[in-house]
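Student: sequence and predicted structure, then a few things I'm wondering about:
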There are 2 protein chains.
Amino acid sequence: MRIGVLGTATVGQTIAEKLASLDHDVMVGTRDPEETLARTTSEKAWVLPFGEWHRNHEDVQIGTFAEAASYGELVVNGTSGDASLKVLDAAGAENLDGKILIDIANPLDFSQGMPPSLTVANTDSLGEQIQRAFPGARVVKALNTVTARVMVEPGEVGGGDHTMFVCGNDAAAKEEVTRILKDWFGWRDVLDLGDITNARAMEMYLPLWVRLLSSLSIPMFNVKVVR
Amino acid sequence: MRIGVLGTATVGQTIAEKLASLDHDVMVGTRDPEETLARTTSEKAWVLPFGEWHRNHEDVQIGTFAEAASYGELVVNGTSGDASLKVLDAAGAENLDGKILIDIANPLDFSQGMPPSLTVANTDSLGEQIQRAFPGARVVKALNTVTARVMVEPGEVGGGDHTMFVCGNDAAAKEEVTRILKDWFGWRDVLDLGDITNARAMEMYLPLWVRLLSSLSIPMFNVKVVR
């Protein structure tokens, strides 16, 4: 499948690498491909500079946001929450219409220091904002509740015995994303929470995730819904 | 131990019953004990009218909020989130000073219909509001992330293989509450998230809990932090 991955930091890199390893045709989208490929330093110590990453992943193509979205039969929003709406604007509604858009972004607000709060919460969510702004896209919120590595290698935590949530307004899109999570990434327990308003619940879990990261001192964890 | 339990609905009843069954001396606090004892109907279909409940639990004493708080060496806030600060005012700061106050309440806002949002979230929490309003109380947020039955019988979900969170500013109080959760109620995995600001994370988990209740159609579930 041709897949456009928006975002070049850890989430984008991790998703693109996994999809390419499964022999999908992947194009990563960025604002300025030339600038991104030339990067040899990173603002964040834990993010590999894209240029360096790409030398080991030359099977992954790179294009503008619009090129990647247009290329993809499926599009993944792997950008940061504060950039998502701008990035999707640059990608272009016409390149998202009718396509499944997996929204991984979290509206984290680091402006007041650590731990982050959310820029939108409680009575709205980033997932809903994206669906409202791009009504033609089939938005499915997923994967935002775990660190990038766990998204694509759930088996590395507790043998994979934990839970992923999905939500969205399009039932067929959620079924397809659930299939992708299970068959491609190895998730065993995928729970459909309902329509896109459930993105509130999935994003409001993030403060707990951030505190757990701090308490456990490792990002390799997730919750299992025991029932 | 003498324990004051504030609140007469399902959480109050369930906590009081469990503590009394363990031979603790329990006094439930309410606004008007006579009125509460006379209750034979309940506004909420799923809450047993207190008068009816009390006929089978005559070992549990009943008093005003102030009497119950004064009686308890340990105090439990089992009231609804919208009532908590008023109830604790009625209980009296002088009756809470120096005591552990286990805060179970969630600031759920049902005024806009279902599912509820939170009346306070993101940059503050009910747990913090309570600690600020009663600086002499040793507030420990706990048990708010599960249904009442699971609070005291965690073994009834997945054999007890799931996680309870605690947070608060007083390390010794958290240790004591952790001991109570484990030795009295049977919790095996109790995770200390840190100071009382972590009540934000524990309360912001509630929207996910509510959506899970809806998806799973049962309240007997909890999350396990798999790591």
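Tutor: Structure received. Residues are numbered from 1 along each chain as shown, chains lettered A, B, ... in the order given.

Student: what about residue A:192, how many neighbours?
Tutor: In terms of burial, residue A:192 registers 17 neighbours under the definition other Cβ atoms under 10 Å in any protein chain shown. C-betas here are computed from N, CA, C, even on glycine.

Student: for it, which residues make a bridge with it?
Tutor: Beta bridges link residue A:192 to residue A:166, judged by DSSP bridges.

Student: any idea how far it is from residue B:46?
Tutor: With distances defined as Cβ to Cβ, to the nearest Å, the gap from residue A:192 to residue B:46 amounts to 25 Å.

Student: ok, the residue most central in space within chain A to chain B distance?
Tutor: In chain A, the C-alpha nearest the mean C-alpha coordinate belongs to residue A:104, at 2.8 Å (Cα atoms, centre = their mean). When distances are taken as Cβ to the nearest Cβ, to the nearest Å, residue A:104 and chain B turn out to be 17 Å apart.

Student: look up the closest residue to that residue, ignoring the ones flanking it.
Tutor: residue A:143 (4.6 Å; Cβ to Cβ, 6 or more residues apart in numbering or on different chains).

Student: what of residue A:12?
Tutor: What sits nearest to residue A:12 in space, not counting adjacent residues and going by Cβ to Cβ, 6+ apart, is residue A:78, at 4.1 Å.

Student: please list the residues of chain A that sit near chain B.
Tutor: A:112, A:117-118, A:121-123, A:157-158, A:161-163, A:165, A:191-194, A:198, A:200-202, A:204-205, A:207-208, A:210-212, A:214-216, A:218, A:220-227 (Cβ under 8 Å from any Cβ of the partner chain).

Student: still on that earlier bit, give the contact list for the residue nearest to residue A:104.
Tutor: With contact taken as Cβ atoms under 8 Å, 6 or more residues apart in numbering or on different chains, residue A:143 is in contact with A:102, A:104, A:151, A:164, A:181.

Student: which of those fall within strands?
Tutor: Mapping these onto strands (DSSP state E) picks out A:102, A:164.

Student: quick one, what contacts residue A:194?
Tutor: Under the criterion of Cβ under 8 Å, 6+ apart, the contact partners of residue A:194 comprise A:167, B:211, B:214, B:215.

Student: how about a cut-off of 6 Å?
Tutor: Shown here is residue A:194, whose contacts under the criterion Cβ atoms under 6 Å, 6 or more residues apart in numbering or on different chains are residue A:167.

Student: now render the contacts of residue A:143 as JSON lines, adding distance to residue A:51 and pLDDT.
Tutor: Listed next are those as JSON lines, based on distance: Cβ to Cβ, whole Å; pLDDT from 0 to 100:
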{"residue": "A:102", "distance to residue A:51": "26", "pLDDT": "99"}
{"residue": "A:104", "distance to residue A:51": "23", "pLDDT": "98"}
{"residue": "A:151", "distance to residue A:51": "23", "pLDDT": "98"}
{"residue": "A:164", "distance to residue A:51": "31", "pLDDT": "99"}
{"residue": "A:181", "distance to residue A:51": "30", "pLDDT": "98"}
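
Student: between the contacts of residue A:143, which sits nearest chain B?
Tutor: Comparing those against chain B with Cβ to the nearest Cβ places residue A:164 closest, at 12.1 Å.

Student: list the buried residues for whichever strand or helix holds residue A:203?
Tutor: Take DSSP states H and E as the rule and residue A:203 turns out to sit in helix A:199-204. Neighbour counts over helix A:199-204 (16 or more other Cβ atoms under 10 Å in any protein chain shown) mark A:199, A:200, A:201, A:202, A:203, A:204 as buried.

Student: how near is the closest residue to residue A:82 other than its chain neighbours to residue A:128?
Tutor: In space, and not counting its chain neighbours, residue A:82 is closest to residue A:119: 6.6 Å by Cβ to Cβ, 6+ apart. Here the criterion is Cβ to Cβ. By it, residue A:119 lies 13 Å from residue A:128.

Student: who's more crowded, those two?
Tutor: Between residue A:119 and residue A:128, counting by other Cβ under 10 Å, residue A:128 is the more crowded of the two (22 against 17).

Student: and that one, helix, strand or coil?
Tutor: Assigned state for residue A:128: helix (three-state reduction, DSSP: H, G, I helix; E, B strand; the rest coil).

Student: hmm, it is touching residue A:200, no?
Tutor: No - counting by Cβ atoms under 6 Å, residue A:128 sits too far from residue A:200 to count as a contact (7.5 Å).

Student: just the helices in chain A please.
Tutor: Remark: helices assigned in chain A by DSSP state H are A:10-21, A:33-37, A:50-55, A:65-71, A:84-91, A:126-133, A:148-152, A:171-179, A:199-204, A:206-216.

Student: how many neighbours does the closest residue in space to residue A:158 that isn't next to it in sequence have?
Tutor: Take residue A:158 and drop its neighbours on the chain: the residue closest to it by Cβ to Cβ, 6+ apart is residue B:226, 3.7 Å away. Counted with other Cβ under 10 Å, the neighbours of residue B:226 add up to 22.

Student: perfect, I'm done here.
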